[in-house]
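Participant: Quick one, what's the 3D model for this:
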Amino acid sequence: MTLSKDGLVPIGKIIGVHGLKGEVKVFPYGDLDDFELKAVLVSAKETVKSFMVTRSRKHRELYILDLEGVSERTDAEALIGAEVSVPEDELPELDEDEYYYMDLVGMEVVTDEGKRLGSISNVISTGSNDVLEVDGPLGPVLIPALDNVIIEVDAAAKKVTVRLMEGLLPGETEQ
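Facilitator: Residues are numbered from 1 along each chain as shown. The predicted structure is shown next:
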């Protein structure tokens with residue numbers, strides 16, 4: 001998740017419709033289980049529309065949203081491809097050692113041996129664990145966000161310290 005200049009945080013993308021009554025399928029950019037979605041902003045092309053959420057539920061890896069004013073399948077189909085956002089101040093509080101994607105993007109990544117790998121350009125949600133996409137002097141590096149890999153996240157210093165698994169860096173081969 002990244003924060004846009006107008007204070008909105010994208011939380012997912014509408015990828016399809018569900019049923020005949022206008023519900024939309026949202027692919028989340030992260031876990032939305034703790035969100036109490038009351039209202040969302042839907043951005044498609046040059047337009048941004050606000051919708052009240054009358055119902056939301058998880059369906060496999062997606063979320064199904066019932067948006068007020070979207071009562072027919074054709075209305076919902078018009079929203080496919082649109083990004084769903086919420087105002088930053090409506091994000092739920094996080095526990096200690098939890099971070100929003102938007103907070104991690106831009107942080108410097110170094111190994112526990114002091115080697116600079118670059119900065120986080122993206123966080124990929126894979127279902128089982130997140131993966132940090134790091135761009136730096138070695139080229140793109142994908143680092144699994146696992147407890148045995150991520151040693152420390154220093155939010156104040158905007159730095160993540162990692163213990164690399166063998167073969168993770170470009171040019172390395174596993175023995």
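Participant: sec struct for the nearest residue to residue 36 once chain neighbours are set aside, please.
Facilitator: Distances taken as Cβ to Cβ, 6 or more residues apart in numbering place residue 92 nearest to residue 36, at 7.5 Å, with adjacent residues excluded. Just so you know, the C-beta spots here come from the backbone N, C-alpha and C atoms, and that holds for glycine as well. State at residue 92, reduced to three classes by DSSP: H, G, I helix; E, B strand; the rest coil: coil.
Participant: neighbours around residue 92, how many?
Facilitator: 11 (other Cβ atoms under 10 Å).
Participant: How much space separates it from residue 127?
Facilitator: 21 Å (Cβ to Cβ, to the nearest Å).
Participant: cool, residue 165 as well?
Facilitator: For residue 165, the distance to residue 127 - Cβ to Cβ - is 19 Å.
Participant: Give me the more crowded residue out of the two.
Facilitator: Using other Cβ under 10 Å, the more surrounded residue of residue 165 and residue 127 is residue 165, with 14 against 6.
Participant: Excluding sequence neighbours, find me the nearest residue to the more buried one.
Facilitator: Spatial nearest neighbour of residue 165, chain neighbours left out: residue 149 (6.5 Å); criterion: Cβ to Cβ, 6+ apart.
Participant: Local confidence estimate at the one you found?
Facilitator: Note for residue 149: predicted pLDDT of 95.
Participant: One more: the one 5 residues further on?
Facilitator: Reading off the per-residue confidence, residue 154 sits at a pLDDT of 94.
Participant: what's the answer for residue 77, then?
Facilitator: Reported pLDDT for residue 77: 96.
Participant: try the one 10 residues further on
Facilitator: With respect to pLDDT, residue 87 scores 85.
Participant: beta partners for it?
Facilitator: Beta-bridge pairing of residue 87 under DSSP bridges involves residue 8.
Participant: show me the contacts for it.
Facilitator: Contacts for residue 87 (Cβ atoms under 8 Å, 6 or more residues apart in numbering) come out as 7, 8, 9, 41.
Participant: so what secondary structure elements neighbour the lowest-mean-pLDDT helix or strand in the chain?
Facilitator: When each helix and strand of the chain is scored by mean pLDDT, DSSP states H and E, helix 101-104 comes last, with a mean of 84. Where contact means 3 or more Cβ pairs under 8 Å, 6 or more residues apart in numbering; DSSP states H and E, helix 101-104 is packed against strand 116-125.
Participant: And the spatially most central residue of the chain, how far from residue 69?
Facilitator: Residue closest to the mean C-alpha point of the chain, counted by Cα atoms, centre = their mean, is residue 29 at 3.2 Å. According to Cβ to Cβ, residue 29 and residue 69 sit 24 Å apart.
Participant: before we move on, what about residue 78?
Facilitator: From residue 78 to residue 69 the distance is 12 Å (Cβ to Cβ).
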